[in-house]
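J.: Curious how this folds, go ahead:
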Amino acid sequence: KSDYVEQVDDKKLITEAINGMLVGLDPHSAYLDSEEYKELQIGTQGEFGGLGIQVTMEDGLVKVISPIEDTPAFRAGIKTGDLIIKLDDTAVKGMTLNEAIKRMRGKPDTSITITIAREGEIEPLVFTLVRAVIKIESVKSKLVEPGYGYLRITQFQEQTGENLAKAIDKLFKDSKIPMKGLVLDLRNDPGGLLNSAVAVSAAFLPANALVVYTEGRTMDAKMRLLANPEYYLRGPGKDYLLGLPEAVKTVPMVTLVNGGSASASEIVAGALQDHKRSVVMGTQTFGKGSVQTILPLGNNTAIKLTTARYYTPNGQSIQAKGITPDIVDESEESSRQLRESDLSRHLRGKKGESSDDTNSGETKKQNEAADSKTKSKKSTDTAKKKKTPAEFGSNDDALLTKAITYLKNSNGSSKRKNTKTAKSAS
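T.: Numbers count the residues shown, from 1 in each chain. Reported below is the predicted structural model:
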């Protein structure tokens, strides 16, 4: 302290020491000052000021995990895997993640210029974005056609479970014929609250089915979360999943995922897949399977500390691996998306594995296969790169169309099988 070139107060030294210690552990542990702690609490309620980008730190630079739908960043065309190199005229290199986030957030209607390096682009891309109050509509739904419903979850927030229940009820009432299939869309959903992930899973699973379990070093970090109100209701109150149509537990389902599906999204996809409740379609998910616990320090500051790993009901670790779809379709991903295993200091998948091991073997082969496909398609995709991707859930959503086609074919196969069984019985 006495030898430093300028006078520094003890508070700053202690704060930076804590922050440096946590940042060195893994990409998700961090020190939260009073402003960041407040923003974290506001963010889970679905409203905050900023650009609408989920980001992480990689080698001293900021990488985009996923743009949030219906936000300035999403509308401007910011993509998963983009590398933010400048904020206004200031280079990002050397900033902490929290410092970069602070610069991107601000008062609504103020602008910021961000410079991005994107794979496949020779020159950096410059975007001028106008900050807005980010109001995230966490559940969207529509009746694709009579008998086939679409449910999209953009982020897991405090009201997601309740809003999903209302959306399911409306879909079943709006359909003029019995529901034949549901599509649950978790693409580019960066996650959110654990209890909301349990609620979403519980809407489709039998009562008391295991949704996810966690393993850590302390007893508090070892949990088994079931499809039961005890594990998804926050405090006393009516169970909003009561009264849902019985068919929601049995109607054929397809769950859509991609490289932007992380954390809570992966918990839901893994639970539905392991219980054979839904076919999972899309691409390998992000692989963020670690639990962060918020530890208040006083003075409205806190530590966000990684305390456990998530495991699917069948015991598969999500961390640095993600969920492998039953039906792989990479047609919508023009390049391999950033994943947890790409982040430096990422937590290994299971105790006993090294970080390098996690990104080898099967996961590495999957990533290399995706890269190989990308390289072989680059010449034909160059003209398409600047084309805005189809909005999820729109009529131009190719993966949604494939999911509906799959459900229709499955229903047809089931009918034919039942007819044959009836004939043989007679």
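J.: Point out where this structure drops to low pLDDT.
T.: By pLDDT under 70, the low-scoring segments of the chain are 42-48, 332-345, 348-389, 412-426.
J.: what residue lies at the spatial centre of it?
T.: By Cα atoms, centre = their mean, the chain has its centre lying nearest to P190, at 2.3 Å.
J.: does the residue nearest to it when sequence neighbours are not counted sit in a helix, a strand or a coil?
T.: Counting by Cβ to Cβ, 6 or more residues apart in numbering, P190 lies nearest to Q54, which is 4.2 Å off, once chain neighbours are set aside. Using the backbone N, CA and C atoms, a C-beta is placed for each residue, glycine as well. The local conformation at Q54, judged by DSSP: H, G, I helix; E, B strand; the rest coil, is strand.
J.: pretty sure Q54 is touching V62, no?
T.: No. Between Q54 and V62 there is no contact under Cβ atoms under 8 Å: 10.9 Å.
J.: Have a look at these two and say which one is more surrounded.
T.: Per other Cβ atoms under 10 Å, whichever of Q54 and V62 has more neighbours is V62, with 26 against 19.
J.: Provide the secondary structure category for that one.
T.: strand.
J.: That one touches L51, doesn't it?
T.: No. V62 is beyond contact range of L51, at 11.8 Å (criterion: Cβ under 8 Å).
J.: Does anything pack onto the longest strand anywhere in the chain? Which helices or strands?
T.: Identified as the longest strand of the chain according to DSSP state E is strand 301-311. In terms of contacts (3 or more Cβ pairs under 8 Å, 6 or more residues apart in numbering; DSSP states H and E), strand 301-311 is packed against helix 10-23, strand 30-32, helix 34-43, strand 210-216, strand 290-298.
J.: at 10 Å instead, please
T.: Judged by 3 or more Cβ pairs under 10 Å, 6 or more residues apart in numbering; DSSP states H and E, strand 301-311 is in contact with helix 10-23, strand 30-32, helix 34-43, strand 210-216, strand 223-226, helix 264-274, strand 290-298.
J.: Let me know which of these is tucked in deepest.
T.: Of all these, helix 264-274 has the most neighbours on average by mean count of other Cβ atoms under 10 Å, namely a mean of 28.
J.: can you state the direction angle for it and strand 301-311?
T.: 20 degrees (axes from the mean of the first three to the mean of the last three Cα atoms, to 10 degrees).
J.: how far does the helix or strand that helix 264-274 is followed by sit from the chain's center?
T.: Following helix 264-274 in sequence order, the next helix or strand is strand 279-282 (DSSP states H and E). Centroid separation for strand 279-282 versus its chain: 15 Å, with Cα atoms, centre = their mean, to the nearest Å.
J.: helix, strand or coil for L241?
T.: Assigned by three-state DSSP, the conformation of L241 is coil.
J.: Now do it: how many residues are near it, please.
T.: Other residues near L241 come to 22 when the count uses other Cβ under 10 Å.
J.: ditto for D3
T.: D3, neighbours per other Cβ under 10 Å, totals 4.
J.: Which element, helix or strand, includes it?
T.: Counting by DSSP H and E, D3 is part of no helix or strand.
J.: so how far is M21 from it?
T.: Counting by Cβ to Cβ, to the nearest Å, the gap from D3 to M21 is 21 Å.
J.: Please apply the same query to L233.
T.: 36 Å.
J.: next one: Q7
T.: Taking Cβ to Cβ, one finds Q7 at 23 Å from M21.
J.: what's the answer for L182, then?
T.: For L182, the distance to M21 - Cβ to Cβ - is 46 Å.
J.: Need the helices and strands packed on strand 301-311 in JSON lines (columns: distance to A117).
T.: Listed next are these as JSON lines, based on distance: least, Cβ to Cβ, whole Å:
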{"stretch": "helix 10-23", "distance to A117": "22"}
{"stretch": "strand 30-32", "distance to A117": "24"}
{"stretch": "helix 34-43", "distance to A117": "26"}
{"stretch": "strand 210-216", "distance to A117": "36"}
{"stretch": "strand 223-226", "distance to A117": "39"}
{"stretch": "helix 264-274", "distance to A117": "26"}
{"stretch": "strand 290-298", "distance to A117": "27"}
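J.: For the closest residue to K38 other than its chain neighbours, grab the count of nearby residues.
T.: Distance criterion Cβ to Cβ, 6+ apart; nearest residue to K38, sequence neighbours excluded, is N300 at 7.0 Å. By the measure other Cβ under 10 Å, the count of residues near N300 is 13.
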